[in-house]
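K.L.:
The following comprises the amino acid sequence and a computationally predicted model.
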Amino acid sequence: MKPTAAAAPPGAPAWRPYAVVAAIGLALYFQALFFGLTYLDDQVLISDNLHFLKRWSSLLESFGQGVFHVSHEGDTYYRPLFTASLVFDANLWGSWFGGYHLTSILVHLAASCLLLNFLRRLGHAERPALFFALAFAVSPALTQNVVHVPTRDDTLMGMFVLASMSAFISFIREGGWRSAGLHLVCWTLALFSKETAVVVVPMCLAYLALVEKGERPWPRAACLACGWLVVLAAWFLLRRSALDDPIPIGPGAALSSLRANLPGVVQLLGKVFLPFNLSGLPNMKDTAMGWGWAGLAAVLAAVLTTRGLAWKRVLFGLLWFAAFLAPSMLLQSTSMAGVVAEKRLYAPVVGIFLILLETNFARGIASGAGWAPTVGALALLVHGTVAFSYSRSYRDRMSFWTRTASASPRLPLARRNLGAMYFLDGDLVRAEREFLAALALNPVEPMVRNNLGLIYMQRGRLEEAEEQFLLELEYYPRYANALFNLGLLYMNQGKVKEPEELWAKALSINPDHLDLHVALAALYYNHGRKNEALAVINEMRRKNMEIPEAFRGLK
C-alpha cells in the first residue's frame, strides 16, 4: 500500500495548521522590521550596493557574477537568486531596511509551512508534523537566518529544497509531469540560491532506498535523470563562467577543514535543543562543548529507548543532516577558520526532526498522552522566548558586534569589527583598544592596520598613520580602502601625483568604489583638469551612482 499524506483532524480546515505556523512566526519576528544594519556583509551587499540593486538589469547580471561582485577580489560564492531577491527589495523598499527584513521573514514563514507539507507528505501524523514545523519556525538556532538579511541564501535554499522534495514525493507516488516539472524547477531555484542544494539528488535517491514503499519508484525516478543532468550542467557552466576560482580549495584542504570543524558539528547540534552560546559568529574555541554533547545524548536516548523503530527512516534523517551540513564544513573559508555559524543549520536541522519523528516523543505528541505534549509545549515556549530575545542582538551594528565579541573574545574578526563600530561612533579610544586586541590574536588580521591608520590620521599622528597604511598594503596589496586612505593622507599633505596613482590603482581593483570616484573627480577638478573630472562623473552616472551636489551641474 502506498504511503499517503497525513490527513487533518475531522472538521479542521486544511489551511489552519499553516496559518498557525505563519502567525506564530510572524508574531515572533515582527520586531525585525525595525532593525538596522549589522555591518556583517549587509552594508556591502545592500547599502553600499544600491546603485547596482536598483537597476532591473541587475536581475540578469547577477547570474554572471559572484555574490560579492562589488569587492572585485575573487569571489567564491555563486548565489544569483539571493542577489536577485535583493534587487526586488531595492526596487520595492529603496533604502528602508525594514522591507529587506520583511522579505526574509516571509521566506522563513514559507519554508516553515513547506516543512509542514513535507512532513505530511512523508506520512507523519498531523500533530507531530505541526509541532516540528513550529519548532522550526521558532528555533533560536535559526534566528540568524530570519533577522540577518545576508543569510537569506540559506533560507531561500531551504525553502526551495523542501518544495522540491515534496514535489518529488508526489511524482514518485502519483506520477504526473506537473509534479516532475515542479520538482526540477524548485531544485533549480535552490541551486541558484546556494550551492549546497546539489545534494538534493542524492537525497532523492536515499529517499527511494530508505523510505518509499510505492509500486514503481525507481522507474519513475529514472524519468527524472535527464532533467537532473540538464539542470546540473546549466548551473555548473553558469557558475564556472561567473567565478574566477569556482572551487577555492583542493581535496586535501577540504578534508582538513572537515576534520577541524567536527567539534563545531556537535556544538551546532547542541544549539538545536539547548539554545546557549548563540552568536552571529560563534568561535569553536569560545563555545562550550558540554551543551553539544547533551544534545547528542538526547537524540541517542530518544532513538535507543524507542521500540519498533523504523531504522531506515532514522538513517534517512541522519543522511539528510550530514549531507546538507557537510559542504559548508568542507569548503570553510580561511578568513572564517574556527567559525561554525548557526545559519548553516537551516536545511540540516530538518534531518534531526526526521529522526525525532520516529521516536516515542513524536508518538506521544500524536496521541496527546503522557509527558511528550507537556515537554513539547514547554520547549516551544522556551525556544520562542529565547529567539525573541536573541533576535534583538541584530537590531543595530553596535548591539550585534558587542554580543559577537563577548561570545567569541578569541576571534580576531569579532574584535576587529567591534573596533570598527566604535570608530564609526567616534569612540577612538575603545576602537584602538579593540584593533590592538585583534592584532594580538592575529598580527596579520586584514583591515586592522588600515583602521589604526585612520585613528592616527584623525589624531594628527601622520607618520604613524602612513606606517600603518603601508603595512596593510604590504600584507594585502589589493585592499582598495587602504590605497584610498593612503591617498587621502598624501593629498592632505599637498601631494598630487601619489594620490592620483593610488586611487587609479584602487579603482582598477574595485571599479564600484563610490568614494574613490568622488575623490578622484575632486582631485582633477581642483587642479583644473575638468575634462578628466567630467569623465569620472560620467562613469558614475553610467553606473547609477549618487553624484555629489557639487558635481551635478558638471557637463
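P.N.:
Perfect, thanks for sending it.
K.L.:
What mean pLDDT does the helix or strand harbouring Ala482 get?
P.N.:
Ala482 is part of helix 480-492, with elements assigned from DSSP states H and E. The pLDDT scores in helix 480-492 average 92.
K.L.:
what's the next secondary structure element after that helix?
P.N.:
Note on helix 480-492: by DSSP H and E, the next helix or strand toward the C-terminus is helix 497-509.
K.L.:
can you give me the angle that next one makes with helix 480-492?
P.N.:
Put simply, helix 497-509 runs at 160 degrees to helix 480-492, going by axes from the mean of the first three to the mean of the last three CA atoms, to 10 degrees.
K.L.:
Name the residues that touch the helix or strand just after helix 497-509?
P.N.:
As assigned by DSSP H and E, the chain's next helix or strand after helix 497-509 is helix 514-526. For helix 514-526, contacts defined as CB atoms under 8 Å, 6 or more residues apart in numbering pick out 48, 51, 480, 484, 487-488, 491, 496, 499-500, 503-504, 506-507, 510, 530, 532-533, 536-537, 539-540, 545-546, 548, 551, 554. Heads up, the C-betas are built off the backbone N, CA and C, glycines and all.
K.L.:
Compute the number of surrounding residues for Leu309.
P.N.:
16 (other CB atoms under 10 Å).
K.L.:
I figured it hits Glu358, correct?
P.N.:
Yes - Leu309 is in contact with Glu358 according to CB atoms under 8 Å; the separation is 5.9 Å.
K.L.:
Which neighbours do the two have in common?
P.N.:
Counting by CB under 8 Å, 6+ apart, the contacts common to Leu309 and Glu358 are Val303.
K.L.:
helix, strand or coil for Gly36?
P.N.:
Classification of Gly36 by DSSP: H, G, I helix; E, B strand; the rest coil places it in coil.
K.L.:
Not counting sequence-adjacent ones, nearest residue to Leu380?
P.N.:
Sequence neighbours aside, Leu134 is the residue nearest to Leu380 in space, at 5.8 Å (criterion: CB to CB, 6 or more residues apart in numbering).
K.L.:
what does the helix or strand harbouring the one you found contact?
P.N.:
According to DSSP H and E, Leu134 maps onto helix 126-138. When contacts are defined by CB under 8 Å, 6+ apart, helix 126-138 is touched by residues 6-9, 17, 20-21, 24-25, 28, 108-109, 111-113, 115-116, 119-120, 142, 349-350, 353, 356-357, 362-363, 365-366, 368, 376, 379-380, 383-384, 387.
K.L.:
Buried residues of that helix, list them for me.
P.N.:
Neighbour counts over helix 126-138 (16 or more other CB atoms under 10 Å) mark 126-138 as buried.
K.L.:
Show me what the helix or strand just after it is packed against.
P.N.:
Downstream of helix 126-138, the next assigned helix or strand under DSSP H and E is helix 143-147. Helix 143-147 sits against helix 97-121, helix 152-174, helix 372-391, with contacts defined as 3 or more CB pairs under 8 Å, 6 or more residues apart in numbering; DSSP states H and E.
K.L.:
Buried residues of the last one, list them for me.
P.N.:
Of the residues in helix 372-391, those scored as buried under the neighbour-count criterion (16+ other CB under 10 Å) are 372-373, 376, 380, 383-384, 386-388, 390-391.
K.L.:
Adding pLDDT and distance to Asn277, write these out as JSON lines.
P.N.:
As requested, these are exported to JSON lines (pLDDT from 0 to 100; distance: CB to CB, whole Å):
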{"residue": "Ala372", "pLDDT": "93", "distance to Asn277": "27"}
{"residue": "Pro373", "pLDDT": "94", "distance to Asn277": "29"}
{"residue": "Gly376", "pLDDT": "95", "distance to Asn277": "23"}
{"residue": "Leu380", "pLDDT": "97", "distance to Asn277": "21"}
{"residue": "His383", "pLDDT": "97", "distance to Asn277": "15"}
{"residue": "Gly384", "pLDDT": "97", "distance to Asn277": "19"}
{"residue": "Val386", "pLDDT": "97", "distance to Asn277": "12"}
{"residue": "Ala387", "pLDDT": "97", "distance to Asn277": "15"}
{"residue": "Phe388", "pLDDT": "97", "distance to Asn277": "18"}
{"residue": "Tyr390", "pLDDT": "97", "distance to Asn277": "11"}
{"residue": "Ser391", "pLDDT": "97", "distance to Asn277": "16"}
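K.L.:
of those residues, closest to Leu210?
P.N.:
Distance to Leu210, by CB to CB, is smallest for Ala372 among these, at 24.9 Å.
K.L.:
Now do the closest one against Thr143, distance only.
P.N.:
25 Å (CB to CB, to the nearest Å).
K.L.:
Please apply the same query to Leu381.
P.N.:
Separation of Leu381 from Thr143 (CB to CB): 16 Å.
K.L.:
what's the answer for Leu378, then?
P.N.:
19 Å.
K.L.:
so where's the protein uncertain?
P.N.:
1-13, 69-75, 214-216, 245-250, 331-337, 555 (pLDDT under 70).
K.L.:
Show me the contact partners of the host helix or strand of Ala260.
P.N.:
Assessed by DSSP H and E, Ala260 sits inside helix 251-273. Residues outside helix 251-273 that contact it (CB under 8 Å, 6+ apart) are 139-141, 249, 276-278, 282, 284, 287-296, 298-299, 325-326, 329-332, 337-338, 340, 342, 344-345, 348-349, 352.
K.L.:
Would you mark the buried spots in it?
P.N.:
For helix 251-273, by 16+ other CB under 10 Å, it's 254, 257-258, 261, 263-273.
K.L.:
Pull the distance from the helix or strand hosting Leu237 to the chain's centre.
P.N.:
Here Leu237 sits within helix 217-242, counting by DSSP H and E. The chain centre lies 25 Å from the centre of helix 217-242; the measure is CA atoms, centre = their mean, to the nearest Å.
K.L.:
Ser112 - nearest residue in space that isn't next to it in sequence?
P.N.:
Ala137 (4.0 Å).
K.L.:
Next up, the contacts around Tyr544.
P.N.:
That one is not Tyr; residue 544 is Asn. 51-52, 54-55.
K.L.:
Among the residues you listed, which ones are in helices?
P.N.:
Applying DSSP state H to these, the entries found in helices are 51-52.
K.L.:
Take the contacts of Asn544 and write them to CSV, including distance to Leu210.
P.N.:
Shown next, in CSV, are these (distance: CB to CB, whole Å):
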residue, distance to Leu210
His51, 50
Phe52, 45
Lys54, 47
Arg55, 47
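K.L.:
re the thing from before, quick check: of the buried residues of helix 372-391, which lies closest to Arg152?
P.N.:
Out of those, the member with the shortest distance to Arg152 (by CB to CB) is Ser391, at 14.9 Å.
K.L.:
distance of that closest one from Phe30?
P.N.:
Distance, Ser391 to Phe30, using CB to CB: 10 Å.
K.L.:
What of Ser57?
P.N.:
Counting by CB to CB - Ser57 and Phe30 are separated by 34 Å.
K.L.:
Repeat that for Phe52.
P.N.:
As judged by CB to CB, Phe52 and Phe30 stand 29 Å apart.
K.L.:
residues near Ala407, how many?
P.N.:
By other CB under 10 Å, 19 other residues sit near Ala407.
K.L.:
Equivalent analysis for Gly351, please.
P.N.:
Gly351 sits with 20 neighbouring residues when counted by other CB under 10 Å.
K.L.:
helix or strand for it, which one?
P.N.:
helix 349-356.
K.L.:
immediately after that helix, which helix or strand?
P.N.:
helix 360-367.
K.L.:
For that following helix, give me every contacting residue.
P.N.:
Residues from elsewhere that reach helix 360-367 (CB under 8 Å, 6+ apart): 124-125, 127-128, 131, 302, 305-307, 356, 370-373, 375-376.
K.L.:
Swap in 7 Å and give it another go.
P.N.:
Outside helix 360-367, the residues within contact range by CB atoms under 7 Å, 6 or more residues apart in numbering are 125, 127-128, 131, 302, 305-306, 356, 370-373, 376.
K.L.:
and what of stretch 94-112?
P.N.:
Under the criterion CB under 7 Å, 6+ apart, residues 21-22, 25-26, 29, 32-37, 46, 50, 85, 89, 92-93, 133, 136-137, 145-147, 149, 152, 155-156, 158-159, 162 lie in contact with stretch 94-112.
K.L.:
All good on my end, thank you.
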